[in-house]
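>>> pasted the sequence and its predicted model underneath.
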Amino acid sequence: MAVLFAGQAFKALAITVTTTNPTSVTTDEIVAAPAITSAVPAMEAVSDAMKEFKNLTKQERKERIKEVKKEIKQFKADKKNNAAPSTNTLLLVILALLLPPLAVYLHQGEINGKFWLSLILTLLFFIPGVIYALIVVLGNG
């Protein structure tokens, strides 16, 4: 979402720069467009980080990517270990009865094989889709 907002702000900035004379732009006009001014530092930070990453050697890049993957695995493990409150489970069960693929997606947190299987079962035969969604939501996996 933030990337889309930054992209829209960048397009607006490009349109502003191309449609106005660069010498006629004042600081008052820049202050009047807060979305553009708040998106520019963020875009600069991203471009600086990309430049820094590109300047690393291949070995350093691989190490950084390994670190990121390790952090992602740790985050997923921490997320999995924390038990969800019973209200979430109750809401997912109700949702599994109404829209099974959506309940599976919300439970899993990503579109994976379980989601696709639930979608196919729901489209072909609604009752098996509901049963499978309940197994996924109420089961450990």
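Perfect, I can see it now. Here the structure is a predicted model, which means the values were calculated and not measured.
>>> please enumerate the strands of this structure.
In the chain, no strands are found when defined by DSSP state E.
>>> looking at the lengthiest helix in it now, give me its mean pLDDT.
In the chain, with assignment by DSSP state H, the single longest helix is helix 58-81. In this model, helix 58-81 carries a mean pLDDT of 82.
>>> now what about it, what contacts it?
For helix 58-81, contacts defined as Cβ atoms under 8 Å, 6 or more residues apart in numbering pick out 53, 56, 109. Placement of C-beta: from N, CA and C, glycine included.
>>> phi, psi for the second one please.
Yep, that's Leu56 we're talking about. Phi and psi for Leu56, reported as degrees, to the nearest 10, are phi -80, psi 160.
>>> what about the closest residue in space to it that isn't next to it in sequence, how many residues close to it?
Leaving out its chain neighbours, the residue that sits closest to Leu56 by Cβ to Cβ, 6 or more residues apart in numbering is Arg64, at 7.0 Å. For Arg64, the neighbour count with other Cβ atoms under 10 Å is 12.
>>> could you list the domains of this protein?
2-58, 86-138 (automatic domain parsing).
>>> low pLDDT regions in the protein?
1-40, 83-86, 140-141 (pLDDT under 70).
>>> now the helices for it?
2-19, 27-32, 34-54, 58-81, 86-98, 100-108, 113-124, 126-138.
>>> out of these, which is the most enclosed?
Comparing the helices of the chain by mean neighbour count (mean count of other Cβ atoms under 10 Å), helix 100-108 ranks first with a mean of 21.
>>> now the angle from that helix to helix 86-98?
Here the directions of helix 100-108 and helix 86-98 differ by 160 degrees (axes from the mean of the first three to the mean of the last three Cα atoms, to 10 degrees).
>>> alright, that wraps it up for me.
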